[in-house]
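Asker: This is the structure alone, sequence omitted:
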DNA sequence: TAGATTGTTAATCGATTAACAATC
DNA sequence: TAGATTGTTAATCGATTAACAATC
């Protein structure tokens, strides 16, 4: 009975993976938690604690083998499991995400794109022909994708998600500015670019106010 | 000397704002922390604690006035300060983000888009004509934007960011799959869609493994 | 007034950091 | 072997939750 790994640790895993990939690309073979901590701006303690949630990947007196550790983290993230995904919504966002994302190296294979707009059905995105949304049920039954990427407008999101859950989809990446209520057994990752913008606005405001205060300006 | 508001609280602010906007749109006038907590899936305690970092916006026995609270959070986030932004990179991602994002209601006004590819310079995105990247220095000197959105390839990011910092930009929204090292006084918000995909992959893997284990499958 | 619900303090819980024995 | 660095336990810190007096 292993203890559940905390969300904070999981959130950091992709970042470790990214840094290790960079190290691999630079031809660096071994790294200590201390040196990695310096590069990433976190504590060495945290790195060792995080990794030891999953096992002892290092060696005393040596550190970590970069390529080995990278592979282990890929395994932990499940990047080698070949999960399949469909995309609903072939608008700007869908096109951009489908085209720019290296799905294969992030754990997924994009196998179908669907839209209800006849104007885009039949067009091709990144080598995949866009199908009519009305055909998605049959497609899912035949191909059993694990995940659906929703690049559709806010108002359509809830309805589409429920339909897809009914068809057997259990994980979603949601780009619309609404939240999919997390149901039992359904996995959701929301991408809210607006939220990032607002956080940035907060940080700028906060910095400006602090600067004003230091100059003695009344707020 | 106020205590600094923690990152966890700041990260939740856009979500409060979103929910309050929805409540406003549904014509709901007042809400208690208890009812809001039910809708958002957090504790009422947390909501009250979070809000009280910034002031007492409620009334005992009544709860919170939705519209008032929404306005207050908008002020806290700085959404009404009219910060200006430029975008560098008029590729797919730039076009999509510029077109789909309601900048004005998220605290920013997009006032310029730049690219070094002559093929896109001169084209129009969301009412803004794309200018040559070589002209950005002059533009920044004249218009003093606060923030730059980087929708450019990984390899160009570091160099461009440094140039822009030299020109006076102090905040970045970075879409490329690399990290801008946070320098003193520079604010960075990284958008790494690949990381979201990997987190999703982890969660699916984890769920699959747990299900296997419950069925008694050896891993 | 009585009931409801806040603002705020105190208690708990979890995550991060520090320390160090184990060991390569 | 001596030096380096891990894995892991203990200490600290911060964030979340619970409780309740204040008060609308």
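Answerer: In hand now; what should we look at? For clarity, every value in this text was computed on a predicted model and none was experimentally measured. Numbers count the residues shown, from 1 in each chain, chains lettered A, B, ... in the order given.
Asker: From now on I want contacts and neighbour counts done on CA atoms only, so please keep to that.
Answerer: Will do.
Asker: what's across from the closest residue to residue A:187 other than its chain neighbours in the sheet?
Answerer: Leaving out its chain neighbours, the residue that sits closest to residue A:187 by CA to CA, 6 or more residues apart in numbering or on different chains is residue A:171, at 4.5 Å. Beta-bridge pairing for residue A:171 (DSSP bridges): residue A:147, residue A:187.
Asker: ok, residue A:171 - contacts?
Answerer: Contacts for residue A:171 were tallied using CA atoms under 8 Å, 6 or more residues apart in numbering or on different chains; they are A:146-148, A:186-188, B:200, B:204.
Asker: Residue A:195 too?
Answerer: With contact taken as CA under 8 Å, 6+ apart, residue A:195 is in contact with B:14-15.
Asker: can we see that at 10 Å?
Answerer: Applying CA atoms under 10 Å, 6 or more residues apart in numbering or on different chains to residue A:195 gives the contacts A:177, A:201, B:11-15, B:17-18, B:106.
Asker: Identify each buried residue in the helix or strand that contains it, please.
Answerer: Using DSSP states H and E, residue A:195 sits in helix A:193-214. Across helix A:193-214, burial judged by 16 or more other CA atoms under 10 Å in any protein chain shown covers A:193-206.
Asker: quick one: stretch A:47-66 near DNA strand C?
Answerer: Yes: using CA under 7 Å from any atom of the strand, stretch A:47-66 reaches DNA strand C at A:49, A:59-62.
Asker: ugh, wrong one, stretch A:21-39
Answerer: No: using CA under 7 Å from any atom of the strand, we find that stretch A:21-39 stays clear of DNA strand C, coming within 9.6 Å at best.
Asker: how about the helices in chain A?
Answerer: A:7-25, A:33-40, A:44-51, A:66-77, A:92-100, A:136-143, A:154-167, A:193-214 (DSSP state H).
Asker: Next, find the distance separating residue A:70 from residue A:94.
Answerer: 30 Å (CA to CA, to the nearest Å).
Asker: Show me which of these two is the more surrounded one.
Answerer: When residue A:70 and residue A:94 are compared for neighbours, residue A:94 comes out ahead with 23 against 20, by other CA atoms under 10 Å in any protein chain shown.
Asker: Tell me how far that one lies from DNA strand C.
Answerer: 33 Å (CA to the nearest atom of the strand, to the nearest Å).
Asker: so what's the most centrally placed residue in chain A scoring on pLDDT?
Answerer: Centroid-nearest residue in chain A: residue A:189, 7.2 Å away (criterion: CA atoms, centre = their mean). Reading off the confidence values, residue A:189 has pLDDT 96.
Asker: And it, how close does it get to residue A:115?
Answerer: Using CA to CA, residue A:189 is found at 21 Å from residue A:115.
Asker: same thing with residue A:197?
Answerer: For residue A:197, the distance to residue A:115 - CA to CA - is 28 Å.
Asker: Most neighbours among the contacts of residue A:171, which one?
Answerer: Counting neighbours by other CA under 10 Å, residue A:147 leads the contacts of residue A:171 with 26 neighbours.
Asker: quick one on the thing from earlier: what's the separation between the residue nearest to residue A:187 and residue B:206?
Answerer: Going from residue A:171 to residue B:206 by CA to CA gives 12 Å.
Asker: so what sits against both of the two?
Answerer: Listed contacts common to residue A:171 and residue B:206 are residue B:200; contacts here mean CA under 10 Å, 6+ apart.
Asker: on that earlier part again, what sits against the residue nearest to the centre of chain A?
Answerer: By CA under 10 Å, 6+ apart, the contact list for residue A:189 reads A:149, A:171-175, A:179-180, A:182, B:196-197, B:199-200, B:203.
Asker: Could you confirm whether the longest strand seen in chain A reaches chain B?
Answerer: Longest among the strand segments of chain A by residue count, using DSSP state E, is strand A:108-115. Yes: Strand A:108-115 is in contact with chain B by CA under 10 Å from any CA of the partner chain, via residue A:108.
Asker: now that strand against helix A:136-143, angle please.
Answerer: Angle of strand A:108-115 versus helix A:136-143, following axes from the mean of the first three to the mean of the last three CA atoms, to 10 degrees, is 160 degrees.
Asker: Identify each buried residue in strand A:108-115, please.
Answerer: Residues A:108-110, A:112-115 are the ones in strand A:108-115 that count as buried (16+ other CA under 10 Å).
Asker: from the residues you listed, which is closest to DNA strand D?
Answerer: Closest approach between those and DNA strand D, by CA to the nearest atom of the strand: residue A:108, at 28.8 Å.
Asker: Averaged pLDDT, the helix holding residue A:195. What do you get?
Answerer: Averaged over helix A:193-214, pLDDT sits at 93.
Asker: just the angle between that helix and helix B:7-25, please?
Answerer: Per the same axes, to 10 degrees, the angle that helix A:193-214 makes with helix B:7-25 is 120 degrees.
Asker: Tell me what angle helix A:193-214 forms with helix B:92-100.
Answerer: Relative orientation of helix A:193-214 versus helix B:92-100 (the same axes, to 10 degrees): 80 degrees.
Asker: For chain A, which residues score under the pLDDT cut-off?
Answerer: Where chain A drops to pLDDT under 70, the residues are A:1-3, A:218-219.
Asker: Spell out which residues of it are next to DNA strand C.
Answerer: Counting by CA under 7 Å from any atom of the strand, the residues of chain A close to DNA strand C are A:6-9, A:42-43, A:45-46, A:49, A:59-62.
Asker: Would you format these as CSV with neighbour count included?
Answerer: CSV is the format used below for the residues of chain A next to DNA strand C (neighbours: other CA atoms under 10 Å in any protein chain shown):
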residue, neighbour count
A:6, 10
A:7, 9
A:8, 9
A:9, 15
A:42, 13
A:43, 15
A:45, 11
A:46, 13
A:49, 14
A:59, 10
A:60, 7
A:61, 7
A:62, 10
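Asker: Looking at the residues you listed, spot the one nearest residue B:80.
Answerer: Closest to residue B:80 out of those is residue A:8 (32.1 Å), distances taken as CA to CA.
Asker: thought that closest one was touching residue A:50?
Answerer: Yes: between residue A:8 and residue A:50 there is a contact under CA atoms under 10 Å: 9.3 Å.
Asker: what domains does the record give for chain A?
Answerer: Residue ranges for the domains of chain A, per automatic domain parsing: A:7-77, A:83-194.
Asker: can you give me the offset of the last one from its chain's centre?
Answerer: Okay, so that is domain A:83-194. How far domain A:83-194 lies from its chain's middle: 14 Å, per CA atoms, centre = their mean, to the nearest Å.
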